[in-house]
Each structure stands twice: as structure tokens, then as C-alpha cells.
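S.K.: model the structure of this input:
(one chain, ligands or ions: 1)
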Amino acid sequence: MNYPKKISFFEVGPRDGLQNEPVFIPTDKKVELIKMLTQAGCERIEVTSFVHPKWVPQMKDAKEVFDRIGQKEGVTYSALIPNLKGLERALDIGVKEVVTIMSSSESHNQKNVNRTIKESLREIEEINKIAATHGVKVRSYIATAFGCPMEGDIPVEKVAEIAMALEESGSYEVSLGDTTGMADPIKAYNIPKYILAKVKKASVAVHYHRCRGIELANNLASLQAGITVFDGAAGGLGGCPYAPGATGNTATEVLVEMFARMGIETGIDLAAIRKCGEYAKTLSTLSCET
Ligand code: MG
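M.R.: From the prediction side, this is the model:
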């Protein structure tokens with residue numbers, strides 16, 4: 001098997017990892033985590049979300065977080081935006097990369113973002129248009145790509161169609177989300193392999209959620225399928241509020257260690273990212289068990 005020499009990480013801890021925490025985490029602590037991740041060598045960090053505080057109160061300090069992280073040259077600090085309104089807020093403070101989210105399951109999309117798939121695609125197209133005029137890059141999540149708790153398996157052709165539509169509208173990367181930890185290594189090989197063959201310009205990432213360690217086998221299977229971009233959260237924090245049973249994200253420090261043992265470069269310092277994982281866990285009141 002030919003493995004790549006180098007892979008890229010997309011760290012989602014400060015946003016995806018912390019967004020469901022029921023107790024507000026002081027901005028200072030979020031900023032500290034982001035600074036630690038930067039120092040550990042993370043080059044792409046999703047730091048917050050411009051979502052209405054009524055829906056995600058934990059992210060109500062999005063602007064303050066951006067004001068205080070002291071962005072390091074060469075590091076991309078991105079923000080999740082649920083809609084055009086979120087894009088406006090992100091543009092106002094000069095965010096350089098925004099991340100959109102939609103599901104490949106009609107029911108999950110309706111529940112999560114209150115739109116049909118068609119409506120979401122249309123809005124993301126508009127987001128891409130406006131972002132491009134400001135020189136802002138757009139990354140796009142496709143949730144439930146490996147199965148939906150309501151609809152079961154989503155046909156891979158449907159996931160591919162969405163990925164191609166997102167690419168067409170300008171998203172530079174699509175991330176395939178295993179929103180509720182339903183993937184297995186066969187799906188984690190076959191689905192990304194199929195998408196990689198269809199998507200030509202955009203890069204394809206995988207975003208696995210923890211499921212008793214199976215997430216590591218899933219990440220490895222996707223690596224073997226040709227994926228070179230991996231989403232993870234320091235400490236394995238996170239989950240999805242609208243998906244029952246969703247646990248945390250793949251722990252970045254464990255993936256970094258796995259790749260390091262395989263001789264694959266990540267650009268991230270193992271000892272430092274472990275410290276980030278430990279620190280991230282101290283911020284969480286949710287159970288980190290899978
Ligand atoms: Mg996640």
C-alpha cells in the first residue's frame with residue numbers, strides 16, 4: 001500500500017468540540033486553547049461559529065474570540081457560518097475562511113438547518129459568490145455522509161452529487177461528516193473513494209466521530225482510499241445537538257500519533273498536541289467516554 005508522505009489536519013476543537021458545552025466557557029479559555037493549537041503546529045483551525053446565540057449560546061463570543069487570538073501568519077482561522085447572515089458577521093470582522101454545513105439526508109438537513117437540500121445548495125452558492133468578491137475561502141461540510149439516524153444509509157451517488165454541486169459553486173474543500181458515528185471501515189474506504197473520483201477541483205476531507213475506537217479504523221481506511229485531509233478535535237470533544245447518540249470528534253492527538261508512527265508527516269508536534277487535548281478536556285463538562 002502506498003501511503004502519502006504528508007497529510008493535512010483541520011482542527012475543529014474550539015468550535016465543533018466546544019459548541020455543545022452547556023456551561024459557558026470563558027472567552028479567555030477558548031483563546032488559550034486556540035493559541036496552544038497554533039503553537040502545536042495546527043495550520044487550520046475552526047475557531048468559532050457565527051450562529052445566532054439563541055441556537056448556540058456557547059459561541060456568542062465569536063467576535064471577541066477572533067479579536068483576541070492574535071492570528072499567526074500562515075495559519076488559517078476559520079468560522080462556521082450557518083447562513084448568509086453568518087457570512088455577513090464573519091465578513092464584518094475580516095474572517096478569511098468560512099465553513100458551511102448541510103446534510104446529505106433531507107430529514108437531517110431539515111432538522112439541523114431548517115432547509116431542504118436544494119435550498120441549502122442555493123444558499124451556499126450565494127455564500128460562495130459573496131465570499132469570492134471578498135477573497136474569502138469557503139469550506140463545506142456534508143453531514144450524515146456515512147449514514148443518517150433517521151434515513152439510514154444515504155446513497156453514495158447522492159452524497160457525490162452534493163459534493164459536486166458544492167465544488168461547482170466554489171467551495172475549495174468538502175468534508176464528509178460521519179455525524180453520528182455510523183461509519184465502518186468498509187464505508188470509510190468506499191464512500192471517500194467514490195467521491196474522490198467525482199470531485200476534481202475541490203479537495204475532500206473526512207470528519208469522523210468517536211465510536212469506541214472504530215473512528216481510528218475509519219480514518220485509516222479513508223487514508224487508504226486516498227484521503228489526505230482529516231478533521232479532528234483536540235481531546236476528542238464534541239458531538240451534534242440534533243443527532244441523538246452523537247459523541248465526540250476523532251481526537252486529533254491520537255490521529256497525529258497514529259500518523260507519526262506510520263512515518264506520515266502532519267506538521268503537528270505530538271507532545272504539544274497531547275497537552276492541547278488535556279487542556280481541552282478540562283474545559284468540557286460533557287463525558288468524553290465513547
Ligand atoms: Mg464533528
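
S.K.: check contacts around Glu257.
M.R.: By Cβ atoms under 8 Å, 6 or more residues apart in numbering, the contact set of Glu257 is Leu270. The way it works is simple: take the backbone N, C-alpha and C, and place the C-beta from them, glycine included.

S.K.: secondary structure class for it?
M.R.: helix (DSSP: H, G, I helix; E, B strand; the rest coil).

S.K.: just the helices in the stretch 151-290 of the chain please.
M.R.: For the stretch 151-290 of the chain, the helices defined by DSSP state H, counting those that start in this stretch cover 156-169, 185-198, 214-224, 252-261, 270-283.

S.K.: mind putting these in a markdown table, distance to Gly94 and mean pLDDT included?
M.R.: Formatted as a markdown table, those follow (distance: least, Cβ to Cβ, whole Å; pLDDT from 0 to 100):
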| stretch | distance to Gly94 | mean pLDDT |
| --- | --- | --- |
| helix 156-169 | 23 | 98 |
| helix 185-198 | 32 | 98 |
| helix 214-224 | 33 | 97 |
| helix 252-261 | 26 | 98 |
| helix 270-283 | 25 | 97 |
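
S.K.: any chance of these in TSV, plus distance to Asp61?
M.R.: What follows is the helices of the stretch 151-290 of the chain, written out as TSV (distance: least, Cβ to Cβ, whole Å):
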stretch	distance to Asp61
helix 156-169	29
helix 185-198	34
helix 214-224	29
helix 252-261	23
helix 270-283	14
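
S.K.: what's the closest of those helices to the ion?
M.R.: When the helices of the stretch 151-290 of the chain are compared by Cβ to the ion, helix 214-224 sits nearest the ion, at 10.5 Å.

S.K.: contact partners for the residue nearest to Ala62 when sequence neighbours are not counted?
M.R.: Closest residue to Ala62 apart from its sequence neighbours, by Cβ to Cβ, 6 or more residues apart in numbering: Thr48 at 4.2 Å. The neighbours of Thr48, taking Cβ under 8 Å, 6+ apart as the test, are 14-15, 30, 59, 61-62, 65-66, 79-80.

S.K.: from the residues you listed, which is closest to the ion?
M.R.: Taking the contacts of Thr48 together and measuring to the ion by Cβ to the ion, the closest member is Arg15, at 9.1 Å.

S.K.: may I ask which helix or strand encompasses the residue lying closest to that closest one once chain neighbours are set aside?
M.R.: Setting aside the residues directly before and after it, Arg15 is nearest to Glu46 in space (Cβ to Cβ, 6+ apart), at 4.4 Å. In the assignment (DSSP states H and E), Glu46 maps to strand 44-49.
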